[in-house]
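In: one predicted model, sequence on top.
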Amino acid sequence: MKTIPLRLKSSLFYNVRRLILLLAVCVALGAACLVGRHKHEQQLTRFIAELETASQRNIAQVATDIGGFRSDVLFLSRVPPIPGMIRAMQNNGFDASENEAVQTWQRRMQQIFAAFLQANHHYYQVCFIGVADGGRDLVKVERRDGAVVISADGDLAQKSGSDYLRDASSLKAGQTYLSPFGRNREQGASARPGMHTFRAATPVFDAAGRLFGVVAVSLDADQLLSPLLDGMPTDILGYVADEQGYYLLHPDVSRTYGFERGQAYRLQSDFPAIRLEAAGERTRLQTVVAEQGDLHVVARQFHFDSSRPERFLTVALALPESIVSACLLYTSRRG
């Protein structure tokens, strides 16, 4: 029987010991990686949950604001000067039932609209528009440079080409129309170049049930939508898009309302995994490669127009991976 030389035994023992040590190091590193990955997932899950809670709270607030918008335009369409003005205009400028001239009712309506704007700073214009004569303003009160101004007769314009006049005119009493989000296109002293507008409108009928006009209220769309991103940490990237994916709010303001300029800046182009057709679905993207590094994105859809279920907004919040990693590093150092 041959014996193994002592030198060979020593070498074999050394190699076995080195292999065992290497395996032990690999097991330790693997365990450390698993622990690190688990901690990373825990931290990421905690961040995502906090973002979702804040997003749901903000969506609920904006939904309440839009509900109030609908209620306000209905309230203004039912104030007493409106039927009085209708009766007077249908009777050669005189309301026989109340012994009042049309100018009296017009002044009272102007006063109500002005008081309404004074009390509601997020609105910038209220109009009562007659459908006759090309859809002309009968009463218009608006905010200009911080002051509430009653438009003189010479500033009352035709609105026949307005979507809100056309679409609201087809509604029944008590129904409201919500306009698309877009740039204010009105001309004249009230024009605000670059301002983004959102309108609510409702039809007004005479005593015989015939369509007479429309009451419309306008507000600054950016002021309405910005609370959707309120309360977020400064490093969180927030996006709001319409049902087609066009940005209404974006960290880079030059990418908002690109459709107004023929530019297709869209949410699904930047985040393809967000499915716009999945109503109300929460989407989490594990890893999105962006210029500023990997992002973790949560998106939730928000249906805001009960009369048109195909309309919704998508609110997307992007958490940079660098924040998660920095938080883990800070926690490990403290530990």
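Out: Looks like it came in fine.

In: measure how far stretch 100-111 is from the centre of its chain, please.
Out: Between the centre of stretch 100-111 and the centre of its chain there are 37 Å (Cα atoms, centre = their mean, to the nearest Å).

In: ok, and for it, which residues are buried?
Out: Buried positions in stretch 100-111, judged by neighbour count with 16 or more other Cβ atoms under 10 Å: Glu100, Val102, Thr104, Trp105, Gln106, Arg108, Met109, Gln110. Bear in mind the C-beta positions are built from the backbone N, C-alpha and C, glycine included.

In: can you report how many residues lie near the closest residue to Arg183 other than its chain neighbours?
Out: Leaving out its chain neighbours, the residue that sits closest to Arg183 by Cβ to Cβ, 6 or more residues apart in numbering is Glu260, at 5.1 Å. Other residues within reach of Glu260, judged by other Cβ atoms under 10 Å, total 13.

In: from what I can see Glu260 touches Asn184, true?
Out: No - under the criterion of Cβ atoms under 8 Å, Glu260 is not in contact with Asn184, lying 10.7 Å apart.

In: and Cys127, bridged to which residues?
Out: Judged by DSSP bridges, the bridge partners of Cys127 are Lys140, Ala216.

In: those strands in the stretch 51-200 of the chain, which residues are they?
Out: Using DSSP state E, counting those that start in this stretch, the strands found in the stretch 51-200 of the chain span residues 94-95, 100-101, 123-130, 137-144, 147-150, 177-178, 182-183, 196-205.

In: contacts for stretch 241-250?
Out: Residues from elsewhere that reach stretch 241-250 (Cβ atoms under 8 Å, 6 or more residues apart in numbering): 180-181, 196, 221-222, 225-226, 228-229, 238-240, 255-259, 264-269, 276, 310-314, 316.

In: how far away is Ser162 from Arg108?
Out: Between Ser162 and Arg108 the computed distance is 25 Å (Cβ to Cβ, to the nearest Å).

In: Leu117 too?
Out: Relative to Arg108, Leu117 is positioned 15 Å away (Cβ to Cβ).

In: quick one, grab the pLDDT at Thr283.
Out: pLDDT for Thr283: 67.

In: re the thing from before, return the backbone torsion pair for the residue nearest to Arg183.
Out: For Glu260, the backbone dihedrals are phi -70, psi -20 (criterion: degrees, to the nearest 10).

In: using the three-state scheme, assign the residue most central in space within the chain.
Out: In the chain, the C-alpha nearest the mean C-alpha coordinate belongs to Leu225, at 4.0 Å (Cα atoms, centre = their mean). Classification of Leu225 into helix, strand or coil gives helix, according to DSSP: H, G, I helix; E, B strand; the rest coil.

In: isn't it right up against Ala63?
Out: No - at 11.9 Å, Leu225 does not count as touching Ala63 under the criterion of Cβ under 8 Å.

In: distance of Glu50 from Ala101?
Out: Counting by Cβ to Cβ, the separation of Glu50 from Ala101 is 61 Å.

In: show me where pLDDT drops low in this structure?
Out: Residues of the chain that meet the criterion pLDDT under 70 lie in 1-38, 40, 185-194, 277-292, 324-335.

In: before we move on, the earlier item: list buried residues within the contacts of stretch 241-250.
Out: Applying 16+ other Cβ under 10 Å to the contacts of stretch 241-250, the neighbour count classes 181, 196, 221-222, 225-226, 228-229, 238-240, 255-257, 259, 265-267, 276, 312-314, 316 as buried.

In: need the contact list for the nearest residue to Ser218 once chain neighbours are set aside.
Out: Computed as Cβ to Cβ, 6+ apart, the closest residue to Ser218 that is not its neighbour in sequence is Gln125, at 4.1 Å. Residues touching Gln125, when contacts are defined by Cβ under 8 Å, 6+ apart, comprise Leu117, Lys140, Val141, Glu142, Arg143, Ser190, Ala216, Val217, Ser218.

In: how about 10 Å then?
Out: Contact analysis of Gln125 by Cβ atoms under 10 Å, 6 or more residues apart in numbering lists 113, 117, 140-144, 149, 151, 184, 186, 190, 192, 197, 199, 216-219.

In: fine by me, we can end here.
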